[in-house]
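Participant: Predicted model and sequence below, questions to follow.
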Amino acid sequence: MKLSNLLSTLDSQIPIAAVDVLSPDEATIIQWLTTEASNKLSSPVFFWNLGVSTLEQCLIAADGGLVFKPVAEYKRPPQADPLLFVFDYIANFSADGVFILGDIHSFIGKNSPSLSWEVVSKVKNLYHRLKPTDKRIVLLGQNIQLHESLVRLIPYCEIPLPGVEQILLHINSYLHDLQQSAIEQELTFTISLNKSEIESLSRAALGLTLEEISDFLRLTVKHNLTSDGILIDSNFIPQAVEYKTRLLSQMGIELGKPANISFGGLDLLREWLNRRRRLFTQEARELSLPQPKGVLLAGPPGTGKTLLAKNIAHILNLPLLQLDIASLLGSLVGESEGNIRRALKTAEAIAPCVLWIDEIEKALSGTGDSSGVSQRILGNILTFMSESQCGVFVVATCNDPSALPSELKRKGRFDENFFVDLPTEPERVQILGIHLQRFGIHLESEYLEAIAANTAKFSGAELETLASEAALLAFDEGRPQQVTLADLETCRQTITPLAIQDAAAVGRMQSWAATARRASSPVVAAKTQSLRAAKFRNMN
């Protein structure tokens, strides 16, 4: 059910409906319901939750704001259960009315620890007994999951996050209201945003509710107030991103920073990504071309999967979101799944984007999980990947593919499963060159090839450590940015690769590669120059 159909649903002798809305926008929905119920049902609206001591009538003030007025006739005896009493009050209410009951879904929720069969029975009784009347109930809250016995009785509506056009209208309207308020206070209020910058500001606010956007505008305007007045300019765009980053991080979503270094090698994966980058454009959408779902990147630790996820967002020219599943796990039954669904809906609102789930096997393996939370989270993610058509490209990284549920690894779930193996010798040359250049160091290709030939089992992370240690050694010896082959060889001997420390685990991962697509082209064995044969022209 859509929100636009809520009033017609209530008017069709369906006495109870549920509206799932993010907490910041609850007041907005109550205000909308109050206006709509008055216009279409000629009915007053009342609000109640456990946080108020009485029933309140919802009214629209002269300035358009929402006002709550206590109902004098509502007098609950001190010993009466507040929730059961409000149900009885509604049943015996002698007039028409729409009753908004906030945050009661935990008492009638699926698998909820606070589930009350008495409350469930009361709701079912009210559903049948209010049908012939003009009294209606709207259950309002966040992450509503109704008990099985109520699912087929109570229609459900979830309020989506606003899109770009809706945000654009809201920003223009809200800035106009702020400007009028400033004029009344004899303040200079200048809006210096062109059409393109207004749209960029709207896109920067994707993933926020309208109420959160209003909060951001008020806070930023107040912060930027000077003796010269208020200036709304392009500086609001990065401030909106910063504000959104702070809010999303509280719900387990991090706005990823763009990769500050490129990745070496992985030519097959790079080619695969480049062929799909145009599928996220408006041109591809107009041709109804399928949107890519994502990739699973599996391989030994340290092979650069994290760096690769950031570079994928750069290659596809999309914003990067990192989903931290561990931070979304809640102590209450159903809370974790609700948090995951909300995070995925946020990604949909920001789309097209890259959604990165790091070390996915740790969250979804189900090891030691007797409550079934992992399976339900997995189900939410699989359903999202199957049904979402909005351009959310999921990048899941994994160190141990054997720990992943089989339904996640099967062909067709992701667009492709890539195995990111230990770098080949040509790739090691590239990786060493990239990391040495970070320190302003340039070595001739034959020296890089010589050290690459002797780092056969090094991962990308271990090669990065090798470059860092060599740069530090040269600096310590008074030769900043003058790394020699001898420095690299000295540092190489101090590093024991994981592929040697835990050869069995790395071997198991490499065995899985037969079921996946390799990210790098195979290298034909060739005779390489050893360290002894290399020219030591810059040796001291």
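Facilitator: Received it, and whenever you're ready, just let me know what you need.

Participant: those helices in the stretch 101-250 of the chain, which residues are they?
Facilitator: Remark: helices assigned in the stretch 101-250 of the chain by DSSP state H, counting those that start in this stretch are 117-130, 148-151, 164-184, 195-204, 210-223, 236-249.

Participant: can you redo those as JSON lines with mean pLDDT and mean neighbour count?
Facilitator: Yep, even glycine has a C-beta here, placed from its N, CA and C like the rest. Listed next are the helices of the stretch 101-250 of the chain as JSON lines, based on pLDDT from 0 to 100; neighbours: other CB atoms under 10 Å:
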{"stretch": "helix 117-130", "mean pLDDT": "93", "mean neighbour count": "16"}
{"stretch": "helix 148-151", "mean pLDDT": "92", "mean neighbour count": "14"}
{"stretch": "helix 164-184", "mean pLDDT": "91", "mean neighbour count": "15"}
{"stretch": "helix 195-204", "mean pLDDT": "92", "mean neighbour count": "17"}
{"stretch": "helix 210-223", "mean pLDDT": "92", "mean neighbour count": "17"}
{"stretch": "helix 236-249", "mean pLDDT": "90", "mean neighbour count": "17"}
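
Participant: Which parts of the stretch 351-500 of the chain are strands?
Facilitator: 353-357, 392-398, 416-419 (DSSP state E, counting those that start in this stretch).

Participant: model confidence over the last one, on average?
Facilitator: For strand 416-419, the per-residue pLDDT values average out at 91.

Participant: In a markdown table: the helices of the stretch 101-250 of the chain, plus distance to Ser459.
Facilitator: Shown next, in a markdown table, are the helices of the stretch 101-250 of the chain (distance: least, CB to CB, whole Å):
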| stretch | distance to Ser459 |
| --- | --- |
| helix 117-130 | 55 |
| helix 148-151 | 49 |
| helix 164-184 | 41 |
| helix 195-204 | 37 |
| helix 210-223 | 41 |
| helix 236-249 | 29 |
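
Participant: Of those helices, which is nearest Pro480?
Facilitator: Nearest to Pro480 among the helices of the stretch 101-250 of the chain is helix 236-249 (34.6 Å), distances taken as CB to CB.

Participant: ok, residues contacting the closest one?
Facilitator: 193, 197, 200-201, 204-205, 207-208, 212, 216, 219-220, 254-255, 321, 346 (CB atoms under 8 Å, 6 or more residues apart in numbering).

Participant: rerun that using 7 Å as the cut-off
Facilitator: Glu197, Ser200, Leu201, Ala204, Ala205, Gly207, Leu208, Glu212, Phe216, Thr220, Leu255, Thr346 (CB atoms under 7 Å, 6 or more residues apart in numbering).

Participant: cool, stretch 84-97 as well?
Facilitator: 43-44, 46, 48, 55, 74, 76, 99, 118, 122, 126, 129, 134-135, 137.

Participant: Just give me the closest of the residues you listed to Ile381.
Facilitator: Distance to Ile381, by CB to CB, is smallest for Ile137 among these, at 33.1 Å.

Participant: Just the pLDDT at that closest one, thanks.
Facilitator: Listed pLDDT for Ile137 reads 96.

Participant: okay if I get the strands of the stretch 351-500 of the chain as a markdown table plus distance to Glu449 and mean neighbour count?
Facilitator: As requested, these are exported to a markdown table (distance: least, CB to CB, whole Å; neighbours: other CB atoms under 10 Å):
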| stretch | distance to Glu449 | mean neighbour count |
| --- | --- | --- |
| strand 353-357 | 33 | 26 |
| strand 392-398 | 30 | 25 |
| strand 416-419 | 25 | 22 |
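
Participant: can you redo these as TSV with distance to Arg246?
Facilitator: What follows is these, written out as TSV (distance: least, CB to CB, whole Å):
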stretch	distance to Arg246
strand 353-357	18
strand 392-398	22
strand 416-419	33
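
Participant: wait, which of those is closest to Glu469?
Facilitator: In terms of CB to CB, the element of the strands of the stretch 351-500 of the chain nearest to Glu469 is strand 392-398, at 25.7 Å.

Participant: so that closest one versus strand 353-357, what angle?
Facilitator: Orientation check (axes from the mean of the first three to the mean of the last three CA atoms, to 10 degrees): strand 392-398 against strand 353-357 gives 20 degrees.

Participant: Against which helices or strands is strand 392-398 packed?
Facilitator: strand 294-298, helix 305-316, strand 353-357, helix 360-364 (3 or more CB pairs under 7 Å, 6 or more residues apart in numbering; DSSP states H and E).

Participant: Which one of those lies nearest to Arg518?
Facilitator: strand 294-298 (11.1 Å).

Participant: quick check: domain ranges of this protein?
Facilitator: In terms of domains, the chain is parsed into 3-158, 164-250, 267-419, 425-518 (source: automatic domain parsing).

Participant: Would you single out the least confident of those?
Facilitator: Across the domains of the chain, domain 267-419 gives the lowest mean pLDDT, at a mean of 82.

Participant: what's the span of that domain from first residue to last?
Facilitator: Domain 267-419 stretches 12 Å from its first residue to its last (CA to CA, to the nearest Å).

Participant: So what's the gap between it and the chain middle?
Facilitator: Relative to the centre of its chain, domain 267-419 is centred 10 Å away, using CA atoms, centre = their mean, to the nearest Å.

Participant: what's the answer for stretch 194-204, then?
Facilitator: That offset, for stretch 194-204, works out to 22 Å (CA atoms, centre = their mean).

Participant: Alpha carbons of it, as CSV, please.
Facilitator: Below are the C-alpha coordinates for stretch 194-204, written out as CSV (Å, rounded to 0.1, in the frame of the first residue of the first chain):
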residue,chain,number,x,y,z
ASN,A,194,22.4,28.5,-9.6
LYS,A,195,20.2,25.7,-11.0
SER,A,196,23.1,23.3,-11.2
GLU,A,197,24.3,24.0,-7.7
ILE,A,198,20.7,23.6,-6.2
GLU,A,199,20.5,20.2,-7.9
SER,A,200,24.0,19.2,-6.5
LEU,A,201,22.8,20.3,-3.1
SER,A,202,19.7,18.1,-3.5
ARG,A,203,21.8,15.1,-4.6
ALA,A,204,24.2,15.7,-1.6
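
Participant: outside of it, which residues touch it?
Facilitator: In contact with stretch 194-204 (CB under 7 Å, 6+ apart) are residues Val164, Ile167, Leu168, Ile171, Leu193, Ser234, Phe236, Ile237, Ala240, Val241, Lys244.

Participant: Repeat the analysis, applying 8 Å as the threshold.
Facilitator: Applying CB under 8 Å, 6+ apart, the contact partners of stretch 194-204 are 164, 167-168, 171-172, 193, 233-234, 236-238, 240-241, 244.

Participant: Generate CSV for those residues, with distance to Ala396 as supplementary columns.
Facilitator: Listed next are those as CSV, based on distance: CB to CB, whole Å:
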residue, distance to Ala396
Val164, 27
Ile167, 29
Leu168, 33
Ile171, 34
Asn172, 39
Leu193, 38
Asp233, 39
Ser234, 36
Phe236, 34
Ile237, 30
Pro238, 29
Ala240, 29
Val241, 25
Lys244, 23
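
Participant: I'm done for today, thanks for sticking with me.
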